[in-house]
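> next come a sequence and a model predicted from it.
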Amino acid sequence: MQDKTDIKELSQDQLVEWLKSRKMAPYRARQIFKWIYMRQADSFEAMTDLSNALRLLLVENFTLSRLKKRRIETSSDGSKKYLFCLTDGSLVESVLIPEKDHYTLCISSQVGCAQGCAFCLTATGGFVRHLSTGEIVAQVRDAVREIPADDTRRLSNIVFMGMGEPLANYKNVIRAVHVITDSDYGLKFSPRRITLSTAGLVPQLEKLGYDTDVNLAISLNATDNKTRDQLMPINRKYPLEKLLEVCRNYPLRPRRRITFEYILIKGVNDSPRDAGRLAKLLQGIRCKINLIAFNEHAGSDFRRSDEPTILRFQEILHNHNYTAVIRYSKGLDISAACGQLKANEEQEKPCPTVRPADACHFPGAI
């Protein structure tokens, strides 16, 4: 059986060209995308407004599959962490988080990560590969189906804060964002409801604001280069001065702000002096600050800052007229740290490799 392409890897323009090369009308691409993303079709056979000949052609050349769920853990707060097995046997995580009136989905952009941040569990497994456009989009497409029909809350917010560095997989992430935000035939998410978090890859960061309209979050986590070098090796290549200069020049839309994420680690970066330096560093940048207590995990010597220390840090920022919000992690009673569920599963048993051509059998396998 010849290998087939996951049709979710194609942009609408690419599908138009594929159809034109086979003397098929270009408007069929819009119909196909509508079936895939708006109607959540699980087979080409279900696309009843396409001719039998076109459906057969799609079956012969493409797959249309769901991500394979390897494990699901559900927290007492309702958060669900999904471990997906990809067609090559790689494992990747997503988290569906219930909020008061909506759901937020945290998605991954890479299998593993090459950034080597000292506090991150994902980094301990090293970098395996980039996720494809289709694998990124599939996390969102499949999550929409996970919400019960009788639940009045809809999935409206997406954060690229899972496994991997999104800007290191720039091309596939941007292509995925375009499908996710396509308001005509894509998944119809508002760019204002999508946040991309980065450790600070300056060259890609300089392009991001021109290539997409999503929200930007910078994982900062230190107020001096020495400490940030130790916590985040990327800082040795793009130190704070260079990173913050790009942030000052970032093309923000009206009423938009950059979010600076600051993980508070006991005795490392949580002193009143750190808070004062942070306030000074961010002067002149339209921003808000998310303070995040470190999520402790086995194998790390770092510890979470205590509550009085966190509150004092926040107070200092407030006194400097910053919006500083304390974010508490959800799902603390499950494998909450990013990469933890993957690490636990890999210790138990490997994920079998599946050839792409075998990932979906017409009609409609999930």
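The structure has been received and is ready for your questions. Residues are numbered from 1 along each chain as shown.

> now do the strands in the stretch 1-150 of the chain.
5-6, 62-63, 68-74, 80-85, 91-98, 102-106, 110-112, 127-130 (DSSP state E, counting those that start in this stretch).

> ditto for the stretch 201-350 of the chain
215-219, 258-264, 287-293, 324-327.

> does anything pack onto the third one? Which helices or strands?
Pointing back at strand 287-293 there. strand 258-264, helix 307-319, strand 324-327 (3 or more CB pairs under 8 Å, 6 or more residues apart in numbering; DSSP states H and E). Where C-beta positions appear, they are placed from N, C-alpha and C, glycine not excepted.

> show me the shaky parts of the stretch 251-366 of the chain.
For the stretch 251-366 of the chain, the stretches with pLDDT under 70 are 330-366.

> tally of neighbours for the residue nearest to residue 40 when sequence neighbours are not counted?
Of all residues not flanking residue 40 in the chain, residue 145 sits nearest, at 6.0 Å (CB to CB, 6 or more residues apart in numbering). Neighbours of residue 145 under the rule other CB atoms under 10 Å: 11.

> and residue 145, what's its pLDDT?
Turning to residue 145, the model gives it a pLDDT of 94.

> doesn't residue 42 make contact with it?
No: in this structure, residue 145 is not within contact of residue 42 by CB atoms under 8 Å, at 9.3 Å.

> list residues touching both of the two?
The contact sets of residue 145 and residue 42 overlap at residue 66 (CB atoms under 8 Å, 6 or more residues apart in numbering).

> output the strands of the stretch 201-350 of the chain in a markdown table, with distance to residue 235 appended to each entry.
Output for the strands of the stretch 201-350 of the chain, formatted as a markdown table (distance: least, CB to CB, whole Å):
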| stretch | distance to residue 235 |
| --- | --- |
| strand 215-219 | 11 |
| strand 258-264 | 14 |
| strand 287-293 | 18 |
| strand 324-327 | 22 |
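
> export those strands to CSV and tack on mean neighbour count?
Listed next are the strands of the stretch 201-350 of the chain as CSV, based on neighbours: other CB atoms under 10 Å:
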stretch, mean neighbour count
strand 215-219, 22
strand 258-264, 22
strand 287-293, 20
strand 324-327, 15
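
> among these, which is nearest residue 231?
strand 258-264 (8.5 Å; CB to CB).

> strand partners (parallel or antiparallel) of that closest one?
Neighbouring strands of strand 258-264 in its sheet, by DSSP bridges, are strand 215-219 (parallel), strand 287-293 (parallel).

> quick one: which of those is nearest residue 81?
Set against residue 81 and scored by CB to CB, the strands paired with strand 258-264 come closest in strand 287-293, at 17.5 Å.

> quick one, helices of this protein?
12-21, 27-33, 52-61, 133-146, 170-181, 202-211, 225-231, 234-237, 240-248, 272-281, 307-319, 340-348 (DSSP state H).

> and the contacts of stretch 23-35?
For stretch 23-35, the external contacting residues (CB under 8 Å, 6+ apart) are 7, 12, 15-16, 19-20, 41, 46-47, 49-50, 54, 57-58, 182, 184-186.

> buried residues in that stretch, which are they?
24, 28-29, 32-35 (16 or more other CB atoms under 10 Å).
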